[in-house]
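> the following comprises the amino acid sequence and a computationally predicted model.
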Amino acid sequence: MAYWLMKTEPEECSIDDFAKNPSKPICWDGVRNYQARNFMREMKTGDLVFIYHSSCDLVGIAGVVAVCKEAYSDPTQEDPASNRWSAVDLIFKERFSRIIPLATLKALPELADNPLVRKGNRLSVIPFTEHEWNACVLAAR
DNA sequence: GCCAACGTTGGC
DNA sequence: GCCAACGTTGGC
């Protein structure tokens, strides 16, 4: 099993959108970056994913979802038959009682090498090591 | 709203 | 293949 983080603007899709319908998968589409797309294509059913809220009042990790359908052709792309872009389906796992703020994440030594905390980083799908994952989960408690 | 950093596009 | 211009991301 692998670990990931995916960014979203909570106004568009937040951890609450998962939590209010915990058995209903959400199609994660619209990714238009090749590196992010390639990571999505590596995702396996059961992989765990941090939901990260960006461009909002409280930026940080809001909770956990799981991959429940592996990569398929993004239905929102111009020509879905081209299979240029990919989507995955995600399902609710956990909503943290409080968001782990970006400042807290930046202060975690385990995350020092993670692209998430590097200035200017725009990658919206980021792989996490188990070590990095566990450090964040601890910070959420 | 500002602006730095980045990825993509397109002319050459 | 180079690189300037442009559009977008995302923290603040």
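The structure has been received and is ready for your questions. The structure displayed is predicted, hence computed values, not measured ones. Numbering: from 1, shown residues only, chains lettered A, B, ... in the order given.
> helices of chain A, residue ranges please.
For chain A, helices defined by DSSP state H occupy the ranges A:15-19, A:34-42, A:102-107, A:130-140.
> which one of those helices lies closest to residue A:88?
For these, proximity to residue A:88 was assessed by CB to CB; helix A:34-42 is nearest, at 5.4 Å. Where you see a C-beta, it was placed from the backbone N, CA and C, and this is true even at glycine.
> got a list of contacts for that closest one?
Residues outside helix A:34-42 that contact it (CB atoms under 8 Å, 6 or more residues apart in numbering) are A:2, A:4, A:28, A:31, A:71, A:85-88, A:123-127.
> of those, buried ones?
Buried residues within the contacts of helix A:34-42, counting neighbours by 16 or more other CB atoms under 10 Å: A:2, A:4, A:28, A:31, A:71, A:85-88, A:124-127.
> most distant residue from the middle of chain A?
residue A:81 (25.5 Å; CA atoms, centre = their mean).
> how much space between that residue and residue A:35?
Residue A:81 is 23 Å from residue A:35, where distance means CB to CB, to the nearest Å.
> residues touching the residue nearest to residue A:93 when sequence neighbours are not counted, list them.
Once flanking residues are discounted, residue A:93 sits nearest to residue A:64: 4.2 Å by CB to CB, 6 or more residues apart in numbering. If you count contacts by CB under 8 Å, 6+ apart, residue A:64 has them with A:48-51, A:93-94, A:96.
> what's opposite residue A:73 in the beta bridge?
residue A:86 (DSSP bridges).
> now the residue of chain A found nearest DNA strand B: how far from residue A:85?
The minimum distance from chain A to DNA strand B, using CB to the nearest atom of the strand, falls at residue A:120 (2.2 Å). Distance from residue A:120 to residue A:85, counting by CB to CB: 24 Å.
> also residue A:114?
25 Å.
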